[in-house]
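1. Predicted model, plus sequence, below.
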Amino acid sequence: KHFRKVSLRCHPDKCPEDLRDRAQEAFAKLQAAKASLTDAKKRLVVNEIVDKAKRRVLKKREDRRKQAALAAAGKKKETPAPTRKLTDAEKLLKLLNRDKEEEAEKERQRNILAEGGPDPLKEAEKDPAFHEEVRGEVKEMLIEREWRKRQLLKAANDAEKKAAEEKKEKVDARQQEQKKEENWQKGREKRVGSWRDFMTGKKGKKKKKLKAFKSGQKLEQRDGDRDYIKRIKVEKVKASAL
């Protein structure tokens, strides 16, 4: 009944022409909300969000009550130290830590109720202003939930991109090593071939035999450090003998 009542307010066919686009967007969001409430799993998630919002509002009220008591007693409120702007990663980590603290507090309250203790939510729900605060908190939590989804998706994309880059670097390094090995093998074959050619030419080369020293020759010194034999023509030898 409530869905039908609200849907009539924002149905595109019931709105003026100039508001039809905005009405269509609002009607689509209303249908999505209805689908979330009619689906058992989605409704369970919504109920958990609402329950968490109630506990946050209750805690905020308790903090305001303590601050008012300190102000009434004449005690100055402690001024928090200025903090720098958190990065998205730091903000996400802070929210995750807060979730753990809230879960621990929820377990503590559950144990108190199991022992027959009072339920602070029942008393707070009697105040209409409490429900208004809860609706505002639920809105903030839904915005925060979507922000978390985007951050986690971004982190997953960054991780996937980094993994792809690392894989490419490994492939490039492997290709460079393979190319280096191929060049070394080619150079090795060339070096072995040159050595074989050298050894083949060395074996095929005939050694020059030293000729014996004969009469009619004389030892001559040249260049100051090298001796060699200079042949003398026979005619000159005969002429000198005469």
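-> Sure, I can see it. Residues are numbered from 1 along each chain as shown.

2. Let's see the pLDDT reported for the residue nearest the centre of the chain.
-> The residue lying closest to the centre of the chain (CA atoms, centre = their mean) is Ala159, at 3.7 Å. For Ala159, the pLDDT comes out at 87.

3. elements contacting the host helix or strand of it?
-> Per DSSP states H and E, Ala159 falls inside helix 128-204. With contacts defined as 3 or more CB pairs under 8 Å, 6 or more residues apart in numbering; DSSP states H and E, the packing partners of helix 128-204 are helix 40-72, helix 88-114. All C-beta atoms are positioned from the backbone trio N, CA, C, and that covers glycine.

4. buried sites along the shortest one?
-> With burial defined by 16 or more other CB atoms under 10 Å, the residues of helix 88-114 counted as buried are Leu92, Gln109.

5. where in this protein is pLDDT low?
-> 1-3, 8, 75-82, 193, 195, 198-199, 201-242 (pLDDT under 70).

6. Could you rerun that using 80?
-> Where the chain drops to pLDDT under 80, the residues are 1-20, 30, 33-40, 42, 74-84, 185-242.

7. that older thread, for the helix holding Ala159, the distance to its chain's centre please.
-> 11 Å (CA atoms, centre = their mean, to the nearest Å).

8. Let me know the angle separating it from helix 88-114.
-> Interaxial angle, helix 128-204 versus helix 88-114 (axes from the mean of the first three to the mean of the last three CA atoms, to 10 degrees): 130 degrees.

9. Name the residues of stretch 33-53 that come out as buried.
-> Val46, Lys52, Ala53.

10. ok, the first one touching Thr38?
-> Read that as Val46. No. Counting by CB atoms under 8 Å, Val46 does not reach Thr38; the two are 10.9 Å apart.

11. Pretty sure Gln118 sits in a helix.
-> Slight slip there: residue 118 is Pro, not Gln. No. Counting by DSSP: H, G, I helix; E, B strand; the rest coil, Pro118 is not part of a helix but coil.

12. who are the neighbours in contact with it?
-> By CB atoms under 8 Å, 6 or more residues apart in numbering, the residues touching Pro118 are Ile112.

13. Next one: it relative to Lys106, how far apart?
-> 16 Å (CB to CB, to the nearest Å).

14. Doesn't Thr83 lie inside a helix?
-> No. Per three-state DSSP, Thr83 lies outside any helix segment and is coil.

15. on that earlier part again, Trp147 is nearest to which of the helices and strands packed on helix 128-204?
-> Between Trp147 and those, the tightest spacing by CB to CB is seen for helix 88-114, at 8.7 Å.

16. Determine the angle, from 0 to 180 degrees, between that closest one and helix 40-72.
-> Going by the same axes, to 10 degrees, helix 88-114 makes 90 degrees with helix 40-72.

17. And helix 88-114, what does it pack against?
-> In terms of contacts (3+ CB pairs under 8 Å, 6+ apart), helix 88-114 is packed against helix 40-72, helix 128-204.

18. burial of Phe130, as a residue count?
-> 17 (other CB atoms under 10 Å).

19. hang on, I meant Lys54
-> Neighbours of Lys54 under the rule other CB under 10 Å: 20.

20. what's around the nearest residue to it once chain neighbours are set aside, how many residues?
-> Once flanking residues are discounted, Lys54 sits nearest to Val134: 5.4 Å by CB to CB, 6 or more residues apart in numbering. Val134 has 20 neighbouring residues, counting by other CB under 10 Å.
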